[in-house]
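[1] Provided below for reference: sequence and predicted model.
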Amino acid sequence: MKILVIQLARLGDIYMTWPALRALKRENPGGELHFLTRSKFEAATEGLNVVDRHIHLPTQFMLEPLIRPVLDLESSVERVDRFISSLKGELYDKIVNFTFSPSSSFIVHAISDPKTHVIGYSRHSDGYLAIPDEVSSYFYAQAGIGYPNRVHLTDIFISMLGLEYQESDWVAPRVDGRDFGLPEKYILVHIGASEAKKTLPPFKWARILKNFFDSNLDTPIVMIGSANERNLGEAIEAGVSRGKVINLIGQTQLREIFHLLRGAQLLVGCDSAPMHMASLTNTTCLNISFDSVNFWETGPKATLSYVYRAAFPEDVVSEEVGLAIHQILQGAAPAGLIERTSGLSSFKLPEEDTQELFTWNLIQALYLGANFPVTDDLQFCQAVEKISDVNALAKDHIRQIPDKGLAVMGPLIERSDDIMKAVSRLVPSVLPLVKWYLTEKLRIAPASNEVVAAKTVEVHEKLQRILSVYMLGDSMKAHESIAKE
């Protein structure tokens, strides 16, 4: 069997893909495993020895004709065609798309055929997005920044494959590392992130380190980062008057971070590649996370790790973080931090928000067969009633298509969806229901009008059974109906 796995996101996402790739290779020991990533991030594949062939997406090469003094669209299209043809010629038996993006779905569609087993986003014959598997459907509807998903990306990846992890999937490669002359004990601090909004300004880092040294002068800090962050590191050093700070910013290769992580007592940083590399070395982490990131999906998987959550970088209280670093080194659990835990969700909140917990329980009921959560939220129940009314109207419109035609009824059906979206904006707690419904409609493949209409009615009917759980008088019947599905 020849398998292609696609991961076109950044460094951290590639490292999060490592355990799933190992599990996939273990399941198919005689198979040929290819891995497609962007050329810019190929360094994150070094040491990944389960991959038989690493393929680079030559984005810069394909787009170069478009930035010439005289735009050359034909040459750019030709380069894209050559690359796609080379992939299609591999005749992959299975394609796994771990990139939840439109561009990756077009690649999958272009290089697959009806016999290819596709997991992840692709495209239908009419060009619309195709979501063939249940896990990708879940991600499309409920995951991402601002959405209520609590399943880590690494767990989503393995669920897409229908496999389970083994301990051997979570190990770092044995790569050569230079001797930087570091002390026996140290804390690793990564000052950067993939985007400026995901990390802290230098003065904030300096304050954190100063507050740590107020409690602990014995443990040195080793700073790491990219070459273009050297000036930030110098500014941090200038702001720390005592304690030992070793500045390795711009002095390490990416693969050498594994070597540094193995020797570190703790990694402190924001959302970045080292945080995910630490999951492979099982180095305890303190992840500083903001609302621009969903820590549930991308937080540290290393045991005994913690997440310090703030809305924005300016909301981080330096004294709290500095003290938390000291407490973690002492083996104490810092108060108020999010803890790494086991289970469906990888983290445990110090205090649950009632509404957020209800939403998460509702999602588990929708996708995992859990019991639907009880609520006394009047707004939620009223929103459900409204969606139910609109849903009934939409079904009626669909059934009138044979008599009145799609040209007449189509806009009315779309209007029903718009009303449901509007209701979910007014009452966000029903958003998981609406997103589930819209995604299930999107998943209906191209077919005759009659077949599409019948499948769409099925989605509406299932939505009604779900809504009935929260509608007085219909609740008991709905529970029984859903339990049978």
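    Received, thanks.
[2] Show me the chain divided up by domain.
    2-168, 187-348, 356-484 (automatic domain parsing).
[3] How far off centre is the shortest one?
    Going back to what we said before, that points to domain 356-484. 26 Å (Cα atoms, centre = their mean, to the nearest Å).
[4] And what about Leu286, helix, strand or coil?
    Under DSSP: H, G, I helix; E, B strand; the rest coil, the three-state class of Leu286 is strand.
[5] pretty sure it is touching Ile328, no?
    Yes: Leu286 lies in contact with Ile328 (Cβ atoms under 8 Å); the separation is 6.2 Å. Any C-beta I mention is one placed from the backbone N, CA and C, and that applies to glycine too.
[6] list residues touching both of those two?
    266, 306 (Cβ atoms under 8 Å, 6 or more residues apart in numbering).
[7] low pLDDT regions in this protein?
    473-485 (pLDDT under 70).
[8] Check which helix or strand the closest residue to Gly177 other than its chain neighbours maps to.
    Excluding its sequence neighbours, the residue lying closest to Gly177 (Cβ to Cβ, 6 or more residues apart in numbering) is His259, at 2.6 Å. Per DSSP states H and E, His259 falls inside helix 256-263.
[9] mind listing what the next helix or strand after that helix pairs with, with the direction of each?
    Using DSSP H and E, the helix or strand that follows helix 256-263 towards the C-terminus is strand 266-269. According to DSSP bridges, strand 266-269 forms sheet pairs with strand 187-190 (parallel), strand 285-289 (parallel).
[10] Distance to Lys395 added to those strands, as TSV?
    Converted to TSV, these look like this (distance: least, Cβ to Cβ, whole Å):
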stretch	distance to Lys395
strand 187-190	53
strand 285-289	43
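[11] about what we covered before: tell me which of the domains of the chain is the most buried.
    Greatest average neighbour count among the domains of the chain goes to domain 187-348 (a mean of 19), per mean count of other Cβ atoms under 10 Å.
[12] and the end-to-end length of that domain?
    Using Cα to Cα, to the nearest Å, the end-to-end distance of domain 187-348 comes to 24 Å.
[13] Quick one: distance of that domain to the chain centre.
    Centre-to-centre, domain 187-348 and its host chain are 20 Å apart (Cα atoms, centre = their mean).
[14] Spatially nearest residue to Ala333 (excluding sequence neighbours)?
    Nearest non-adjacent residue to Ala333 (Cβ to Cβ, 6+ apart): Glu339, at 6.8 Å.
[15] Who are the contact partners of the one you found?
    305-306, 333, 347-348, 350.
[16] Over to Ala141?
    Contacts of Ala141 by Cβ under 8 Å, 6+ apart are 432, 435-436, 438-439.
[17] Distance check, it against Leu232.
    38 Å (Cβ to Cβ, to the nearest Å).
[18] now Arg82
    As judged by Cβ to Cβ, Arg82 and Leu232 stand 41 Å apart.
[19] what does Phe83 give?
    The gap separating Phe83 from Leu232 is 37 Å, by Cβ to Cβ.
[20] try Glu32
    43 Å.
[21] Over to Ala311?
    Look at Ala311 and Leu232: by Cβ to Cβ, they are 22 Å apart.
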